[in-house]
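In: Quick one: sequence and predicted model below, then my questions.
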Amino acid sequence: MNKRIKLERYILKEYQAKDSQTFLYQLNYEFYFDKEKFSILLNNCNSLAKEYHEFGKSDNYDEVVKSLLAIFEHTLYLFFVHFVENDMFTISNYGKDLTATDVSDYYLQIRDITEKIIL
């Protein structure tokens, strides 16, 4: 199996958030932001963007990009609702090992990746 297919499958699995070991599952259902898993996601997205630029879009490109954008949008949304007064969602490790600086850095990385991956 080639690298692009592996990366695409990884992103689609993250988007589905059915596996309790995925970043999005842990954030959405366990209220935990795993910095290491998110960094892996960002690195894989950068690698996939390079694959698309080098070899062109795959047959799964549209679905993968929609999934990726949904992951990023939902992550940013959960950052937002974390701070909404009287909202039930709270990121359990925010302020312990996840800081406002981290969130700003992630936002900039997300912007960079989406710019690269949308051809």
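Out: Perfect, thanks for sending it. Numbering: from 1, shown residues only.
In: what is the mean pLDDT for stretch 104-111?
Out: Stretch 104-111 shows a mean pLDDT of 96.
In: Can you pull out the low-pLDDT segments for the chain?
Out: Scanning the chain for pLDDT under 70 picks out 1, 119.
In: What separation do you get for the nearest residue to residue 116 once chain neighbours are set aside and residue 30?
Out: Residue nearest to residue 116 in three dimensions, not counting chain neighbours: residue 49, with 3.9 Å by C-beta to C-beta, 6 or more residues apart in numbering. Any C-beta I mention is one placed from the backbone N, CA and C, and that applies to glycine too. The gap separating residue 49 from residue 30 is 29 Å, by C-beta to C-beta, to the nearest Å.
In: Those two: which has the busier surroundings?
Out: residue 49 (20 against 11; other C-beta atoms under 10 Å).
In: What residues sit buried inside the helix or strand encompassing the more buried one?
Out: Using DSSP states H and E, residue 49 sits within helix 35-55. Judged by neighbour count using 16 or more other C-beta atoms under 10 Å, the buried positions of helix 35-55 are 37, 38, 41, 42, 44, 45, 46, 48, 49, 51, 52.
In: Name the nearest of those relative to residue 69.
Out: residue 45 (10.6 Å; C-beta to C-beta).
In: quick revisit: and the buried residues of helix 35-55, which is closest to residue 84?
Out: residue 38 (21.2 Å).
In: how far away is that closest one from residue 55?
Out: 26 Å.
In: got it, and residue 100?
Out: Applying C-beta to C-beta to residue 100 and residue 55 gives a distance of 38 Å.
In: hmm, back to that, for the buried residues of helix 35-55, which two are the farthest from each other?
Out: Of all pairs in the buried residues of helix 35-55, the most separated under C-beta to C-beta is 37 and 52 at 22.5 Å.
In: before we move on, the earlier item: list the contacts for the residue nearest to residue 116?
Out: Shown in contact with residue 49 (C-beta atoms under 8 Å, 6 or more residues apart in numbering): 113, 116, 117.
In: now do residue 71
Out: 11, 14, 15, 24, 41.
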